[in-house]
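**Q** This is the structure alone, sequence omitted:
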Ligand code: UTP
């Protein structure tokens, strides 16, 4: 049963500078709604009950966004505006699900995941990278179905332009399970065009096994000096842990770059 999700939010967001010099990118509005709320709605619809946010002191505004009760109560008392009441109720619903852990030095996604170790209860958990929005399909929900069917870890996947492979985790295809699902043989973080085993990239949705923590504890920094979750996954694959690549049917929006962020608002406004 996948009931817990973790969301790493402690990165610097340098690709969205200057906005991110004072603002958490996950709170930036996409068609009038903070990006992180799309991610939380995806979790709720997929049956997730607990969400762990990995933040840093620099991104404390994310916590403040969800824990601003006295402000709302005062405003509602004064204004009695039904819209504000509705918005506050929504925030309260999110707040009930969220716990916070801290990663004050952005040492990489693997290090961020390690911070959640003592909170993970079940054998598998979901991880969502909030820069990656997937619309028109609840990717997490589909992946949970795949996990149940094959009793394995799962990663969201899509084909990318061969010229851009060095921006992604790229994997080598294993056995075909059905039209959308394949076992993964190897996964390499940000390979060069020459060393990339394919043009199949891992996108920011993962169903990970709890035993990944035993790898992360020992994990040395990899590409760019960061501790990558991909490297821990590769160690597990090498030890015959099963990872399925799920080629999702929704539309991927990259909200972590300025061009992608602007485009995501346009795409979502068309829904
Ligand atoms: P990225 O490296 O893609 O994004 O991390 P970033 O660091 O936020 O932004 P850029 O690259 O400087 O523009 C992917 C996800 O992992 C989180 C980020 O917050 C993002 O959601 N992350 C990354 C952490 O929580 N901790 C880290 O040490 C690194």
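**A** Now that the structure is in, tell me what you want to look at. Owing to the predicted nature of the structure, the values given are computational and were not obtained by experimental measurement.
**Q** gap between the two ends of stretch 44-51?
**A** End-to-end span of stretch 44-51 (Cα to Cα, to the nearest Å): 10 Å.
**Q** go on, stretch 186-204?
**A** With Cα to Cα, one end of stretch 186-204 sits 17 Å from the other.
**Q** Next: stretch 58-76.
**A** With Cα to Cα, one end of stretch 58-76 sits 29 Å from the other.
**Q** For that stretch, the averaged confidence score.
**A** Across stretch 58-76, the average pLDDT comes to 96.
**Q** quick one: contacts for the residue of the stretch 1-150 of the chain at minimum distance from the ligand?
**A** Residue nearest to the ligand within the stretch 1-150 of the chain: residue 11 (2.3 Å; Cβ to the nearest ligand atom). C-beta: built from backbone N, CA, C; applies to glycine. Applying Cβ atoms under 8 Å, 6 or more residues apart in numbering to residue 11 gives the contacts 106, 112.
**Q** From residue 98, how far out is it?
**A** Distance of residue 11 to residue 98, given as Cβ to Cβ, to the nearest Å: 18 Å.
**Q** mind listing the strands for the stretch 1-150 of the chain?
**A** Along the stretch 1-150 of the chain, counting by DSSP state E, counting those that start in this stretch, strands occupy 4-8, 29-30, 33-34, 50-55, 98-102, 124-128, 132-135.
**Q** how about JSON lines for the ones you listed, with distance to the ligand and mean pLDDT added?
**A** Output for those, formatted as JSON lines (distance: least, Cβ to the nearest ligand atom, whole Å; pLDDT from 0 to 100):
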{"stretch": "strand 4-8", "distance to the ligand": "3", "mean pLDDT": "98"}
{"stretch": "strand 29-30", "distance to the ligand": "15", "mean pLDDT": "96"}
{"stretch": "strand 33-34", "distance to the ligand": "14", "mean pLDDT": "96"}
{"stretch": "strand 50-55", "distance to the ligand": "5", "mean pLDDT": "98"}
{"stretch": "strand 98-102", "distance to the ligand": "10", "mean pLDDT": "98"}
{"stretch": "strand 124-128", "distance to the ligand": "9", "mean pLDDT": "98"}
{"stretch": "strand 132-135", "distance to the ligand": "9", "mean pLDDT": "97"}
